[in-house]
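Undergrad: Need coordinates for the below:
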Amino acid sequence: MRLLKVLLLLCLCAVAGGALASKKTNELERNQYAWSGAVRWGEFEQAQNLIDPIYRKAHPVTALELERYKQVQVSSYRDVGSSLDKERGLAVRDIEIGVINRHTQAERTVRYREEWRWDPIAKTWWLTSGLPDLWDGM
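TA: As a prediction, this is how the structure comes out:
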């Protein structure tokens, strides 16, 4: 009887652990979707809410930088590869962003790597790589 109780308890722990891992994955997907949407539609001020507060404090975005983002239109946002390390609470997603200069109408593609970390206190995923550099290579 005691063995049965121990086995039942172990099964419950395994199920609970799986549910927690699934919840973390769902939260990551939800935050990545919100981030992608904000960047895709040019809502860079809104996107900053998903950036790690520690990173935001160390790398504040200036008003001038936000004005630069208004000079471009994002035409596409494609996930070209991703990885997730649930145990360490880290995720990486490689992105291709189509960018159109509003003044010249010239379009180009920029590569960007999203880096995410799980915050066990806030129970959320934070982006630790900051806003994408849409002028990379120019």
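Undergrad: This protein: strands as residue ranges?
TA: In the chain, the strands defined using DSSP state E lie at 72-85, 90-101, 107-119, 124-127.
Undergrad: Most tightly packed of these?
TA: strand 124-127 (a mean of 20; mean count of other C-beta atoms under 10 Å). Every C-beta, even on glycine, is put in place using the N, C-alpha and C of the backbone.
Undergrad: so what secondary structure elements neighbour it?
TA: The contact analysis (3 or more C-beta pairs under 8 Å, 6 or more residues apart in numbering; DSSP states H and E) places strand 124-127 against helix 2-40, helix 53-58, strand 107-119.
Undergrad: how much distance is there from that strand to the middle of the chain?
TA: Chain-centre distance of strand 124-127: 7 Å, with C-alpha atoms, centre = their mean, to the nearest Å.
Undergrad: For that strand, output the C-alpha coordinates as CSV.
TA: The C-alpha trace of strand 124-127 is given here as CSV (Å, rounded to 0.1, in the frame of the first residue of the first chain):
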residue,chain,number,x,y,z
THR,A,124,7.3,35.5,-17.7
TRP,A,125,9.8,35.5,-20.5
TRP,A,126,11.9,38.6,-21.1
LEU,A,127,13.7,39.6,-24.4
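Undergrad: Mind telling me which of the helices and strands packed on strand 124-127 the model trusts least?
TA: For these, mean pLDDT drops lowest on helix 2-40, to a mean of 72.
Undergrad: From residue 131, how far out is residue 51?
TA: Separation of residue 51 from residue 131 (C-beta to C-beta, to the nearest Å): 7 Å.
Undergrad: do residue 35 as well
TA: 10 Å.
Undergrad: With residue 95 instead?
TA: 12 Å.
Undergrad: next one: residue 115
TA: For residue 115, the distance to residue 131 - C-beta to C-beta - is 13 Å.
Undergrad: just residue 37 next, same as before
TA: Counting by C-beta to C-beta - residue 37 and residue 131 are separated by 14 Å.
Undergrad: Mind checking which of those two has more residues around it?
TA: Remark: of residue 37 and residue 131, residue 131 carries more neighbours, 19 against 13, as counted by other C-beta atoms under 10 Å.
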